[in-house]
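Visitor: this one's structure only:
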């Protein structure tokens, strides 16, 4: 019997559990690594103590020797919870290593599945990759973005190395249609709701009652004063943003410009996949440095991120000549059609542009760099060109190869929506669960081949 392990993750755990319960019929046993005490208690009732490992904050006070060097400083730097208490975070990540190591070996786990968001997830990912005696591989997933209803499995934390689709029945040639991803639509609705009066009242109630804030949970800020400052700053930023002058698309009519889309932050797409390019203020300035004298830089806030950045953040950027803050409601597709270049760290905007024959650059490697019109460039790459226009012309000289992205989706994208029950409540419908179970069976088979089991 194969044994896989899920890392419990808030409202994604019910999705993982639905998959696990159905995998039993295929001789796949399930274990759990859980950071949340309440979810631990629930899972123990069903799976037993031997199959569930609790790695909560209580381990900060233990003294355990590390089992290897996993660049903990790199993990902590991008971790949203520990960045203001790094010493505690380093102790936590050090002290969970031995329990995780022993748990994987004791249960003969060959496959761990989780996100690449929280510090403990990244640590376990690196342990699986770097300790061959564990004979265990770690996998994560990412929504395909385009087209909807599909996702990829990855076995690296930067999410550029895919697990191929196997034993999934007859393949159907993909028709790639540029449309707003379903997850973005869902997140925009949730963001709008959270910023409403009722949303703010719910957050106030949540703060007063400390609902779901278990004192030993490593994935939440447990200090009441710190939580208050974070929530207050976000509300202030949301209201202050309204008083920033934002331009309409008419203001750049007939002008040459680069379009830069901000990421929501903190978020794994930039803090993990886009690591070392996570400072978005610095990214904007470095792009501005590359501008030809008659070009503009149009920056556009992510709708779901309003409140993440301060009034002063944007005011300082707007002091630089020809930097324009675009209204967040402006149609991104229309802006792309008029711009000379799209730049983002790992954002979907670059994929949408490249599929339409619009030159795009990502500052970190992404899976859609397979497209000729979506190039990965570091700052050193930018410096190789005498002008930004030269880079744009070089990209435009390449042949369109949308069929290569369609082939990538055909060979590597799995059917289904693998997300939480809040963002997409219908994730647990029968068809989707069936698709997800089939995907995980394929993943187990791939992993067995990879480990020669």
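Guide: On my side now, so go ahead. For clarity, every value in this text was computed on a predicted model and none was experimentally measured.

Visitor: what does the helix ranked longest in the chain contact?
Guide: Scanning the chain for the helix with the most residues, using DSSP state H, yields helix 430-450. Residues outside helix 430-450 that contact it (C-beta atoms under 8 Å, 6 or more residues apart in numbering) are 2, 4, 15, 18-19, 22-23, 26, 28, 110-111, 113, 137, 139, 151, 153, 163-168, 414-418, 426, 453. Any C-beta I mention is one placed from the backbone N, CA and C, and that applies to glycine too.

Visitor: span of stretch 59-76 from start to end?
Guide: 16 Å (C-alpha to C-alpha, to the nearest Å).

Visitor: just how off-centre is stretch 331-340 within its chain?
Guide: Mean-position distance between stretch 331-340 and its chain equals 24 Å (C-alpha atoms, centre = their mean, to the nearest Å).

Visitor: go on, stretch 218-232?
Guide: On C-alpha atoms, centre = their mean, the centre of stretch 218-232 falls 22 Å from the chain's centre.

Visitor: pull out the buried positions in that stretch.
Guide: Within stretch 218-232, the residues that qualify as buried are 218, 219, 220, 221, 222, 227, 231, counting by 16 or more other C-beta atoms under 10 Å.

Visitor: are any of the contacts of helix 430-450 buried, and which?
Guide: Buried among these by 16+ other C-beta under 10 Å: 2, 4, 15, 18-19, 22-23, 28, 110-111, 113, 137, 139, 151, 153, 163, 165, 414-418.

Visitor: and the longest helix of the chain, how far out from the chain middle?
Guide: Distance, centroid of helix 430-450 to centroid of chain: 21 Å (C-alpha atoms, centre = their mean).

Visitor: any idea how far residue 76 lies from residue 222?
Guide: 17 Å (C-beta to C-beta, to the nearest Å).

Visitor: over to residue 386?
Guide: 53 Å.

Visitor: now name the helix or strand holding residue 152.
Guide: Following DSSP states H and E, one finds residue 152 within strand 150-154.

Visitor: now, which of the buried residues of stretch 218-232 lie within helices?
Guide: Using DSSP H, the buried residues of stretch 218-232 in helices are 227, 231.

Visitor: okay, the buried residues of stretch 218-232 in a markdown table with distance to residue 243 and pLDDT next?
Guide: As requested, those are exported to a markdown table (distance: C-beta to C-beta, whole Å; pLDDT from 0 to 100):
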| residue | distance to residue 243 | pLDDT |
| --- | --- | --- |
| 218 | 37 | 85 |
| 219 | 34 | 83 |
| 220 | 31 | 81 |
| 221 | 28 | 77 |
| 222 | 34 | 77 |
| 227 | 26 | 78 |
| 231 | 20 | 83 |
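
Visitor: got the buried residues of stretch 218-232 as CSV, with distance to residue 359 columns?
Guide: Shown next, in CSV, are the buried residues of stretch 218-232 (distance: C-beta to C-beta, whole Å):
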residue, distance to residue 359
218, 42
219, 39
220, 41
221, 41
222, 46
227, 43
231, 40
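
Visitor: ok, the buried residues of stretch 218-232 vs residue 96, which is closest?
Guide: residue 218 (8.8 Å; C-beta to C-beta).

Visitor: isn't the closest one up against residue 121?
Guide: No. No contact is recorded between residue 218 and residue 121 when judged using C-beta atoms under 8 Å, the distance being 10.9 Å.

Visitor: what residues do these two have in common as contacts?
Guide: Contacts common to residue 218 and residue 121, judged by C-beta under 8 Å, 6+ apart, are absent.
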